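> Next one to model:
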Amino acid sequence: MQTMSPVAQQFILHWGEMSSRWGINRTVAQTHALLYLSPEPLNAEQIASTLSVARSNVSTSLRELQAWGIVRVVHLLGDRRDHFETQKDAWKMFQVILEQRKRREIDPTIGRLQELVAQTGSSSAESYPRQRMDELLQLLEMLTLWYEQMGKLSPKVQKKVLRMGGRIRKLAG
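Numbers count the residues shown, from 1 in each chain. Modelled structure (predicted):
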């Protein structure tokens, strides 16, 4: 078992609780948090022991984290077991998570809204729902375009834009 400070334990617990509110399995999030805080890659047994969860639960969590692209397998000299590490750069990690959420949640919603708006007829019963869906579709398309444009900027420039905060409001008038 890897020894963790009380602060690290609190972070891992919080990460699991916060992520479960976003629809992500608690153990998946806690596994990610443990790997994020770990200075070296860990094998599944170490993760299971440290988090006090079943090895099968860790395996499932690791597969999901790998599918998200935020955990990767590494091999250590002299050890035949797979070890795992996560992206240590918080900025890059956040970008990967955002891209995955966009691909899994926003893109299908845009596609479905486009279909539904196209299917609505001209009856007065469909007028209001069409208007609401069209407004939501326009917002999601605008946010997606903004996201894609921001993604073309270097991380340095992206951070600069975020640091501008309220000054953007002044620029926009």
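> my read: residue 129 touches residue 121, true?
No. Counting by Cβ atoms under 8 Å, residue 129 does not reach residue 121; the two are 10.8 Å apart. C-beta here means a position set from N, CA and C on the backbone, and glycine is covered the same way.
> which of these two has more neighbours?
Just comparing residue 129 and residue 121: by other Cβ atoms under 10 Å the higher neighbour count belongs to residue 129, 12 against 9.
> what's the one helix or strand the more buried one maps to packed up against?
Using DSSP states H and E, residue 129 sits in helix 124-151. Where contact means 3 or more Cβ pairs under 8 Å, 6 or more residues apart in numbering; DSSP states H and E, helix 124-151 is packed against helix 107-119.
> List the buried residues for the helix it packs on?
Buried residues in helix 107-119, counted by 16 or more other Cβ atoms under 10 Å: 110, 113, 117.
> quick one: secondary structure of residue 121?
At residue 121 the chain is in coil, as set by DSSP: H, G, I helix; E, B strand; the rest coil.
> roughly how far apart are it and residue 160?
Residue 121 is 48 Å from residue 160, where distance means Cβ to Cβ, to the nearest Å.
> how is this protein carved up into domains?
6-86, 90-172 (automatic domain parsing).
> right, so those: which one is the most enclosed?
Among the domains of the chain, the stretch with the highest mean neighbour count (mean count of other Cβ atoms under 10 Å) is domain 6-86, at a mean of 16.
> can you give me how far it is from the chain middle?
How far domain 6-86 lies from its chain's middle: 15 Å, per Cα atoms, centre = their mean, to the nearest Å.
> Can you give me the end-to-end span of it?
21 Å (Cα to Cα, to the nearest Å).
> Ok, stretch 57-76 next?
First-to-last distance for stretch 57-76 - Cα to Cα - comes to 23 Å.
> so where's this protein uncertain?
Applying pLDDT under 70 to the chain flags residues 1-2.
> quick one, the helix holding residue 129 and helix 107-119 angle?
Interaxial angle, helix 124-151 versus helix 107-119 (axes from the mean of the first three to the mean of the last three Cα atoms, to 10 degrees): 150 degrees.
> And the next helix or strand past helix 124-151?
Immediately after helix 124-151, counting by DSSP H and E, sits helix 155-164.
> Just the CA atoms of that next one, as PDB, please.
Extracted C-alpha coordinates of helix 155-164, given in PDB (Å, rounded to 0.1, in the frame of the first residue of the first chain):
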ATOM      1  CA  PRO A 155      -1.600  26.900 -24.400                       C
ATOM      2  CA  LYS A 156       0.300  30.000 -23.500                       C
ATOM      3  CA  VAL A 157      -2.200  32.200 -25.400                       C
ATOM      4  CA  GLN A 158      -5.100  30.200 -24.000                       C
ATOM      5  CA  LYS A 159      -3.900  30.900 -20.500                       C
ATOM      6  CA  LYS A 160      -3.500  34.600 -21.300                       C
ATOM      7  CA  VAL A 161      -7.100  34.800 -22.500                       C
ATOM      8  CA  LEU A 162      -8.300  33.200 -19.300                       C
ATOM      9  CA  ARG A 163      -6.300  35.500 -17.200                       C
ATOM     10  CA  MET A 164      -7.900  38.500 -18.900                       C
END
